[in-house]
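Student: I'd like to go over a predicted model; first the sequence, then the structure.
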Amino acid sequence: MSTAAMPEFPAGFRWGVSTSAYQIEGGVDENGRGASIWDTFAHSPGRIADGSTGDVACDHYHRHAEDVALLAGLGVSAYRFSIAWPRVRPAGDGPVNARGLDFYDRLVDDLLAHDVDPVATLFHWDLPQSRQDAGGWLARDTAHRFAEYADATAARLGDRVKLWITLNEPFIHMSLGHGTGEHAPGRTLLFDAFPVAHHQLLAHGLAVAALRTRTTSPIAIANNYSPVRAAGDSDADRTAVAAYEALHNRLFTDPLLGRGYPDGLGFDTAVVRAGDLDVIAAPIDVLGVNYYNPTGVRAPQEGSPLPFELVPLQGYPRTAFDWPVAPDGLHELLGWLHRTYADDLPPIQVTESGCAYDDAPDADGRVHDPQRIAYLDGHLRAVRAAMDEGVDVTGYFVWSLLDNWEWAEGFTKRFGLVHVDFDTQVRTPKSSYAWLRDLIARP
């Protein structure tokens, strides 16, 4: 961590933290909620590292008042949470479940009462299982059902949510959920997963149109980005870098900003119909940027089904996820977006940035996490440096408020500013919580 004073951020800069529904809520069978693909996946033997599920998670469904008090104590100006599609429309379509929306209605009002802006994500991977049974994101109809769900949600909450995010990390949901099978729904389609990309983007565009009729609040999408670095200096390595950059960083950005799909990926684009790209390119007000680490790439081995091979980057500290801690990657990424998309690029908010470490209470019950403090210090300096170079960054959200259920890793990875004892549900703010609180409160 730098010993120099943290540079100032402008007045109005949005300080926030992020969570997602299935990772914290629990209450999976209460008040009419339907099953999601993650309920099914987590209950399938061998899918989750520790055999756990999100059935209870952080019990946020019952403890949201306690968690809002933690937000207020932290001093953030915004809280990014996700709305569970299966709570709102349990069958994925059909009648709206008013009792499911009641929970988010209370949460939004509680946030506003504590001067915290509600930032709502409509899809953070928890597709209703009934929708998956009907084809999931491989089916075009899912995009239209998503727009209906967005409309119904905004009809109830659109007057109070301050920023709407349509999708969270569609690249990750496509690649891990449908390419390699590590996430729900567990498909292994590799490059045949392109329809999942297109239908998610179509859903985004249709949802933007629906939201515009219900709210005057800004609308965004949250993409996962990773700067790509060659592990060698051959022409084949550079070709592999270009291929991975097109897949990870451009596939879900070029069409959003009116540039169509990038060339050279070899996808079968037969699912793209006339007019789809215009729908997808509906103007957005903010680009959400989720950043965790850069990616090392080299040319693939002969016979590989992919045009690249991923390799570990050396020379960086590592998180408990074995991800490199690379603030320079965030600086690099923000500059790349600024240069690549120029006048087409809306203002950026860093909608996720965080790290997992094996945090545990000491003998006095306190949780010290100096590595997380160093991580946040470095990444915030990277954001400020990019801003000084002309990149329009208007907010930074830490992943995450709470230690939570971390998808296929279960309860084995802790990202929170607040430690959660998953047996007792006791919340203990870590030293990083106090550090960030003091930074936000600077005059």
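Tutor: Thanks, I have the structure now.
Student: Find the centremost residue of this structure, please.
Tutor: residue 168 (4.4 Å; C-alpha atoms, centre = their mean).
Student: Contact partners for that one?
Tutor: Contact partners of residue 168, counting by C-beta atoms under 8 Å, 6 or more residues apart in numbering, are 20, 82, 121, 123-125, 222, 290. Every residue, glycine included, has its C-beta placed from N, CA and C.
Student: Burial check on the residue nearest to it when sequence neighbours are not counted, number of neighbours?
Tutor: Among residues not flanking residue 168 along the chain, residue 124 sits closest, at 4.3 Å (C-beta to C-beta, 6 or more residues apart in numbering). Neighbour count for residue 124, taken as other C-beta atoms under 10 Å: 24.
Student: What of residue 263?
Tutor: That count, for residue 263 with other C-beta under 10 Å as the rule, works out to 9.
Student: And the one 3 residues further on, by the same measure?
Tutor: The number of residues packed around residue 266, counting by other C-beta under 10 Å, is 10.
Student: With residue 176 as the reference, measure out to it.
Tutor: To residue 176, residue 266 is 20 Å away according to C-beta to C-beta, to the nearest Å.
Student: Kindly report the same for residue 276.
Tutor: From residue 276 to residue 176 the distance is 24 Å (C-beta to C-beta).
Student: Give the buried residues for whichever strand or helix holds residue 211.
Tutor: Assessed by DSSP states H and E, residue 211 sits inside helix 194-212. Neighbour counts over helix 194-212 (16 or more other C-beta atoms under 10 Å) mark 194-208, 210-211 as buried.
Student: now the helices: where do they sit in the stretch 51-200 of the chain?
Tutor: 60-74, 85-88, 98-113, 129-133, 141-157, 170-174, 194-212 (DSSP state H, counting those that start in this stretch).
Student: which of those sits most buried?
Tutor: helix 85-88 (a mean of 27; mean count of other C-beta atoms under 10 Å).
Student: Report the contact partners of residue 343.
Tutor: No residues are in contact with residue 343 under the rule C-beta under 8 Å, 6+ apart.
Student: Which SSE is immediately downstream of the helix or strand that contains residue 245?
Tutor: Counting by DSSP H and E, the element that carries residue 245 is helix 235-245. Using DSSP H and E, the helix or strand that follows helix 235-245 in sequence is helix 276-280.
Student: Now do that following helix, average pLDDT.
Tutor: Mean per-residue pLDDT for helix 276-280: 98.
Student: Then stretch 215-231?
Tutor: 98.
Student: Of all the residues in it, which ones are buried?
Tutor: Residues of stretch 215-231 classed as buried by neighbour count (16+ other C-beta under 10 Å): 215, 217-231.
Student: what about that stretch, distance to the chain center?
Tutor: 9 Å (C-alpha atoms, centre = their mean, to the nearest Å).
Student: can you check stretch 212-229 too?
Tutor: 10 Å.
Student: tell me how far the ends of that stretch are from each other?
Tutor: 39 Å (C-alpha to C-alpha, to the nearest Å).
Student: Same check on stretch 303-323?
Tutor: Start-to-end, stretch 303-323 (C-alpha to C-alpha) is 28 Å.
Student: Could you pull out the buried residues of it?
Tutor: So, applying 16+ other C-beta under 10 Å, buried residues of stretch 303-323: 307-309, 313, 316, 319-321, 323.
Student: for residue 338, helix, strand, or coil?
Tutor: With DSSP: H, G, I helix; E, B strand; the rest coil as the basis, residue 338 sits in helix.
Student: Run through the residues that contact it.
Tutor: Residue 338 neighbours (C-beta under 8 Å, 6+ apart): 345, 386, 389-392.
Student: From residue 78, how far out is it?
Tutor: From residue 338 to residue 78 the distance is 23 Å (C-beta to C-beta).
Student: same check, this time on residue 284
Tutor: 17 Å.
Student: cool, residue 154 as well?
Tutor: Taking C-beta to C-beta, one finds residue 154 at 18 Å from residue 78.
Student: quick one: contacts for the nearest residue to residue 43 once chain neighbours are set aside?
Tutor: Spatial nearest neighbour of residue 43, chain neighbours left out: residue 53 (5.9 Å); criterion: C-beta to C-beta, 6+ apart. Taking C-beta under 8 Å, 6+ apart, we find residue 53 in contact with 39, 42-43, 405.
Student: And for residue 114?
Tutor: Counting by C-beta under 8 Å, 6+ apart, residue 114 has contacts 68-69, 71-72.
Student: Could you let me know which of these ends up closest to residue 163?
Tutor: Among the contacts of residue 114, residue 71 lies closest to residue 163 (C-beta to C-beta), at 15.4 Å.
Student: quick one: residue 410 from residue 42, how far?
Tutor: 8 Å.
Student: That should have said residue 379, apologies.
Tutor: From residue 379 over to residue 42 (counting by C-beta to C-beta), the distance is 30 Å.
Student: now do residue 272
Tutor: Separation of residue 272 from residue 42 (C-beta to C-beta): 33 Å.
Student: What of residue 232?
Tutor: In terms of C-beta to C-beta, residue 232 sits 39 Å off from residue 42.
Student: So those two - more neighbours on which side?
Tutor: residue 42 (22 against 15).
Student: Test my guess that that one contacts residue 54.
Tutor: Yes. Because the distance of 5.9 Å satisfies C-beta atoms under 8 Å, residue 42 is recorded as touching residue 54.
Student: farthest-separated two in the contacts of residue 114?
Tutor: Of all pairs in the contacts of residue 114, the most separated under C-beta to C-beta is 69 and 71 at 7.2 Å.
Student: show me where pLDDT drops low in this protein?
Tutor: Residue ranges of the chain with pLDDT under 70: 3.
Student: How about the contacts made by the residue nearest to residue 168?
Tutor: Going by C-beta under 8 Å, 6+ apart, the list of residues near residue 124 reads 20-22, 82, 168.
Student: Most neighbours out of those residues, which is it?
Tutor: Neighbour max across the contacts of residue 124 (other C-beta under 10 Å) = residue 21, 29 neighbours.
Student: so how far is residue 350 from that residue?
Tutor: Distance from residue 21 to residue 350, by C-beta to C-beta: 21 Å.
Student: thinking again about what came up before, ok, of the contacts of residue 53, which come out buried?
Tutor: If we count by 16+ other C-beta under 10 Å, the contacts of residue 53 have these buried: 39, 42, 405.
Student: Cross those against helices and list the overlap.
Tutor: When DSSP state H defines the helices, the subset of the buried ones among the contacts of residue 53 inside them is 39, 42.
Student: Closest to residue 107 out of the buried ones among the contacts of residue 53?
Tutor: For those, the nearest to residue 107 is residue 405 (18.6 Å; C-beta to C-beta).
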